[in-house]
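**Student:** sequence first, then the predicted structure, then my questions.
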Amino acid sequence: MEQKLLTLADVAELLNTSSAQVYALVRSGELPAMKMGGRGQWRVHPDRLAQYIETAHQSTAEWVKQNPLREDVSEGSST
């Protein structure tokens, strides 16, 4: 079965973010997409979205390694 191309609204729902944020990702080149039709509607291939998510996970993991949480600081502390 062929995979359905996703609208920016579809991607926003899957990523639990706004369509504006997804549009910004597309326009910056972080999330590969294509324009279709006379009105130039954006579409994202599901494989490209999966690659974006994997890259984001890898980038985050690298950031966490380079920025370890200090023992005397915990997330959500009020100090």
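**Tutor:** Thanks, I have the structure now. Quick caveat, the model's predicted, so the values are computed rather than measured. Numbers count the residues shown, from 1 in each chain.
**Student:** ok, which stretches of the protein are helices?
**Tutor:** Taking DSSP state H, the helices of the chain run over residues 8-15, 19-28, 46-66.
**Student:** give me whichever of those helices is most buried.
**Tutor:** Stretch with highest mean neighbour count among the helices of the chain: helix 8-15 (a mean of 17; mean count of other C-beta atoms under 10 Å). Placement of C-beta: from N, CA and C, glycine included.
**Student:** packing partners of that one?
**Tutor:** helix 19-28, helix 46-66 (3 or more C-beta pairs under 8 Å, 6 or more residues apart in numbering; DSSP states H and E).
**Student:** run the last query once more with 7 Å
**Tutor:** Helices and strands touching helix 8-15, as assessed by 3 or more C-beta pairs under 7 Å, 6 or more residues apart in numbering; DSSP states H and E, comprise helix 19-28.
**Student:** among the helices of the chain, which is nearest residue 38?
**Tutor:** Proximity to residue 38 (C-beta to C-beta) singles out helix 8-15 among the helices of the chain, at 17.4 Å.
**Student:** run the angle between that closest one and helix 19-28 for me.
**Tutor:** 110 degrees (axes from the mean of the first three to the mean of the last three C-alpha atoms, to 10 degrees).
**Student:** what does helix 8-15 contact?
**Tutor:** If you take C-beta atoms under 7 Å, 6 or more residues apart in numbering as the criterion, helix 8-15 is touched by 18, 19, 21, 22, 23, 26, 42, 44, 49.
**Student:** what average pLDDT does it get?
**Tutor:** On average, the pLDDT along helix 8-15 is 97.
**Student:** ok, stretch 28-46 next?
**Tutor:** Per-residue scores along stretch 28-46 average to 95.
**Student:** please apply the same query to stretch 53-73.
**Tutor:** On average, stretch 53-73 scores 90.
**Student:** now it, how far from the centre of its chain.
**Tutor:** On the basis of C-alpha atoms, centre = their mean, to the nearest Å, stretch 53-73 sits 16 Å off its chain's mean C-alpha point.
**Student:** what residues does that stretch touch?
**Tutor:** So stretch 53-73 is in contact with no residue, going by C-beta under 7 Å, 6+ apart.
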